[in-house]
Structures are given as structure tokens and as C-alpha cells.
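> how would this look folded up:
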Amino acid sequence: MISVSVSGAPVRAHSSSSATRQSSRCLSLLFLIPAMQFLLKVSVVLALASSAIAGQCSNHNKGAHKLDCVSKSELSQHGSDYCDTHWDTKSGTWSNFADSSGHTANIGMVGLFSSKAACKSAFAEIVDSCYNGWDGGAWVAYGTLLHINFCKWGSDDKAPKEEL
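Numbering: from 1, shown residues only. Here you go, the predicted model:
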């Protein structure tokens, strides 16, 4: 680096190698910007995908499926009431919902939702995605589990079987 004094104030002139280094840094930053934009887009897609695959449908291990199931429309309507009172309750227990035909659904939740709307969205996702062809479904994300059994789940299905 060369220092020159003009009217008492020092002025520095950069050598050509210093200017070249600065120029290459600028070019490096210009190439990083598109890469960072790409990574941001990938992160957004992954975040959306993780919430989209949060729901999983299930059937009972044994026996006929879709027996004594609650009404889909009544269960959907109950989702709003359920989430109004349970969205921020960390219970870890099951509650029951009986429809007008006397069929019972089992609803279990562990963890807390961030809002009533998030709970209602998860509840609707399970019912809309899993009701046709499945006995139940679960939504798991962000430390919260919501599980709904649409159909009769007898106590013999829950109890462990002894081997003879």
C-alpha cells in the first residue's frame, strides 16, 4: 500500500493486487446471492411439505374396517367445539364424541396447538384426508399429536393378547 499526504491529510492508494482481491470478493458475493435465494426457496418448500405430510391415516390391526363409524359431517362439526376447548390443554387423555346414531369416535391429543385455528385445521385435515376408507388418523407436528378414531374400537383391540 502506498501512502501519500495531500495538504496534511493522508491519502492511501491501493496496489493492483489489493484491488483485484476486492473485485474477486464482490464477484464471490454476487454468486452467493442466487445460492442463498435458492436455499430460501428450498427451506420454504420443506416447511410446507412437513406440514402437508403431518397427517397419517390408520386402520385397526384386526377385524373388519369401517364398522360403527361416526358421521363424517357430525364429526367435522364437532372439531370446532373440540378445538375451542382443547387447543391449549395438554391432557394426554382420550375424549369421546357420540354422533346422533349413537356411534362413538375417540379423540386424543398430546401437546398444545399454537392457536384454535391450528387445532381446527389439523382436525379437519384428519377427517377430510382419512375418513373415507380408514378407521382413523393422526396429525403430528411441532410437538403436538392429535389422533381421531372414527369407528368403534373395542376393548379387545386395545388389550394385549396372551400367547398359549
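> Wasn't A117 part of a helix?
Yes. The assignment for A117 (DSSP: H, G, I helix; E, B strand; the rest coil) places it in a helix.
> May I see the buried residues of stretch 90-99?
Neighbour counts using 16 or more other CB atoms under 10 Å place 97, 99 of stretch 90-99 among the buried residues. No exception for glycine: its C-beta is placed from N, CA and C like everyone else's.
> Then stretch 114-128?
By neighbour count on 16+ other CB under 10 Å, the buried set for stretch 114-128 is 118-123, 125-127.
> Do me a favour and average the pLDDT over it.
Here stretch 114-128 scores 95 as its mean pLDDT.
> again, but for stretch 148-158
Here stretch 148-158 scores 67 as its mean pLDDT.
> for stretch 93-108, how far is the first residue from the last?
Length of stretch 93-108, first residue to last, CA to CA, to the nearest Å: 6 Å.
> What's the mean pLDDT across that stretch?
In this model, stretch 93-108 has an average pLDDT of 91.
> Tell me how the protein divides into domains.
Taking automatic domain parsing as the domain assignment, the record places the domains of the chain at 1-53, 55-158.
> if we can go back for a sec, from the buried residues of stretch 114-128, pick the one nearest D99.
The shortest approach to D99 among the buried residues of stretch 114-128 belongs to V127, at 12.5 Å (CB to CB).
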